[in-house]
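Engineer: Kindly generate the corresponding structure for this input.
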Amino acid sequence: MWWHAMSGELGKQLEKLAADFNASQSDYRIVPAYKGNYTETVTAAIFAFRSRSQPAIVQVNEIATATMMAARGAIYPVFELMRDQSEAFAPQAYLPAVAGYYADVDGNMLSFPFNASTPILYYNKDMFRSAGLDPSEAPKTWPELGIVAKRLRAAGAMCGVTTSWPSWINVENFSAFHNLPIATKANGFSGLDAQLIFNNPLVVRHIAQLAQWQADKTFDYSGRGQAAEPRFQKGECGIFIGSSGTRADIKANSKFEVGYGMMPYDPDVQGAPQNSIIGGATLWVLRDRPRAEYAGVAKFFAYLSRPEVQVAWHQNTGYLPITRAAFDLSRTQGFYERNPGASISIEEVTLKPPTDNSKGIRLGSFVLIRDVIEEELEQVFTGKRSAQAAMDNAVERGNRLLRQFERANPDR
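Structural biologist: Modelled structure (predicted):
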């Protein structure tokens, strides 16, 4: 059993992966089952484990990595599984931005990288043309984006720019792209006693700018998760910053020419842009399944690592190719030349070598902390709180959650 959180076009691609593996051999059968969004899927797996009805594989989003690591008795680390089953599994074969996020301090990979994405900028070329803007150029900086979004509004767009996943894009990736820490202790990679520190002048200024733009819908807040994406597809907003992993859905559902660009950056920040961080999810293996199932899981992971399998997944979805070999194969096939914008996500995560501020986030209870950040962002966008007060609140509330997690995991 493989419990997952993918619906729509992505769900179809996931089911095809399982079906292709099942057709490639006759010893094992992978059975995918959709369990709702990421939070619902993880929650379902936790309850199933308690009743001993857990699946062998569960898809878990990247920000729950520290939480999964803490559940030692429940997880079967992937590097151990592959070693026990004598299947090849080399962390150096994977893109560093991906492998580093899911490895322990010794470089051992704990879960299997599956759908890795990063935020990119999408824009409606038809709306750019109507507004007298150059459809071949995406805005590169936040000040440029503001000017372009105002032009789109003046030309009749319902909103200039919107973003999905508000915290991931406007706090977490904004920070990484400007080489700013989210928390001490290398964003939590170096210890459970990390403290959140993202209430700095640059993040506050960015959030305050969005709130100012909100007044005339130059920027328009659309809600949490992927709530903003349909607004772009319907032609309401001219610019959308969202996951590279939604490229398949956007291509399938937009009735206009789509343009692509990197996330904007602040030009007065020295060294920016740095590199973006990944989102998405990995596959965790759960313990206490029949021994024979683990041989099948290992075979499936080995299958998923094949360059040609990775290439199909990457090209059909917009998710990053997780291995260097898959990236190289896509390039030699001419995929990036035929599909402008498809390489932007890879360029972003590999723009510069990751720093402690830009290799990712490993903080306990970060699913809950992200909820706190988004609650506070909503207070700003509805005019109820200043950006500084909201970020100060988010840091204070988030640090309380970190201390609770630290107390609950004293042996880590």
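
Engineer: Check the gap between the nearest residue to residue 195 once chain neighbours are set aside and residue 394 for me.
Structural biologist: Distance criterion CB to CB, 6 or more residues apart in numbering; nearest residue to residue 195, sequence neighbours excluded, is residue 184 at 4.8 Å. C-betas here are computed from N, CA, C, even on glycine. Taken as CB to CB, to the nearest Å, the spacing of residue 184 relative to residue 394 amounts to 16 Å.

Engineer: swap in residue 312?
Structural biologist: Taking CB to CB as the measure, residue 312 and residue 394 are separated by 40 Å.

Engineer: With neighbour numbers in mind, choose between these two.
Structural biologist: With other CB atoms under 10 Å as the criterion, residue 312 and residue 394 differ in neighbour count, and residue 394 comes out ahead with 26 against 17.

Engineer: Just to check, that one is in contact with residue 372?
Structural biologist: Yes - the pair formed by residue 394 and residue 372 meets the contact definition of CB atoms under 8 Å, at 5.5 Å.

Engineer: so the residue positioned nearest the centre of the chain bridges to which residues?
Structural biologist: To find the centre residue of the chain, average its C-alpha atoms and take the closest one (CA atoms, centre = their mean): that gives residue 279, at 1.6 Å. Going by DSSP bridges, residue 279 is paired in beta bridges with residue 117.

Engineer: contacting residues around it?
Structural biologist: When the contact criterion is CB atoms under 8 Å, 6 or more residues apart in numbering, the partners of residue 279 are 61-63, 116-119, 165, 168, 243, 245.

Engineer: Same list (those) but as a markdown table, adding distance to residue 400, secondary structure and neighbour count.
Structural biologist: Compiled in a markdown table, the contacts of residue 279 are given as follows (distance: CB to CB, whole Å; DSSP: H, G, I helix; E, B strand; the rest coil; neighbours: other CB atoms under 10 Å):
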| residue | distance to residue 400 | secondary structure | neighbour count |
| --- | --- | --- | --- |
| 61 | 22 | strand | 21 |
| 62 | 23 | helix | 25 |
| 63 | 18 | helix | 23 |
| 116 | 30 | strand | 26 |
| 117 | 30 | strand | 25 |
| 118 | 29 | coil | 29 |
| 119 | 28 | strand | 27 |
| 165 | 23 | coil | 23 |
| 168 | 21 | helix | 26 |
| 243 | 29 | strand | 25 |
| 245 | 32 | helix | 25 |
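
Engineer: Tell me the one among those nearest to residue 31.
Structural biologist: Of all the contacts of residue 279, residue 31 sits closest to residue 61, with 21.3 Å by CB to CB.

Engineer: The closest one - nearest residue in space that isn't next to it in sequence?
Structural biologist: Excluding the flanking residues, the one nearest residue 61 by CB to CB, 6+ apart is residue 38, at 4.0 Å.

Engineer: Okay, now the unreliable bits of the chain?
Structural biologist: Counting by pLDDT under 70, the chain shows low-confidence ranges at 411-412.

Engineer: which SS class is the nearest residue to residue 364 once chain neighbours are set aside?
Structural biologist: Using CB to CB, 6+ apart and skipping the chain neighbours, the partner closest in space to residue 364 is residue 405 (3.1 Å). In three-state terms, and counting by DSSP: H, G, I helix; E, B strand; the rest coil, residue 405 is helix.

Engineer: Quick check, residue 405 in contact with residue 367.
Structural biologist: No - under the criterion of CB under 8 Å, residue 405 lies out of contact with residue 367, with a separation of 10.9 Å.

Engineer: For those two, list the residues in contact with both.
Structural biologist: Between them, residue 405 and residue 367 have residue 67 as joint contacts when contacts are counted by CB under 8 Å, 6+ apart.

Engineer: Tell me where this structure has strands.
Structural biologist: 2-4, 32-34, 57-61, 112-117, 119-124, 159-163, 237-243, 258-261, 279-285 (DSSP state E).

Engineer: Nearest to residue 335 among the ones you listed would be which one?
Structural biologist: Where the strands of the chain are weighed against each other on CB to CB, the nearest is strand 258-261, at 14.0 Å.

Engineer: chain center to the closest one: distance?
Structural biologist: Taking CA atoms, centre = their mean, to the nearest Å, one finds strand 258-261 lying 19 Å from the centre of the chain it belongs to.

Engineer: again, but for stretch 301-311
Structural biologist: When C-alpha coordinates are averaged (CA atoms, centre = their mean), stretch 301-311 and its chain have centres 20 Å apart.
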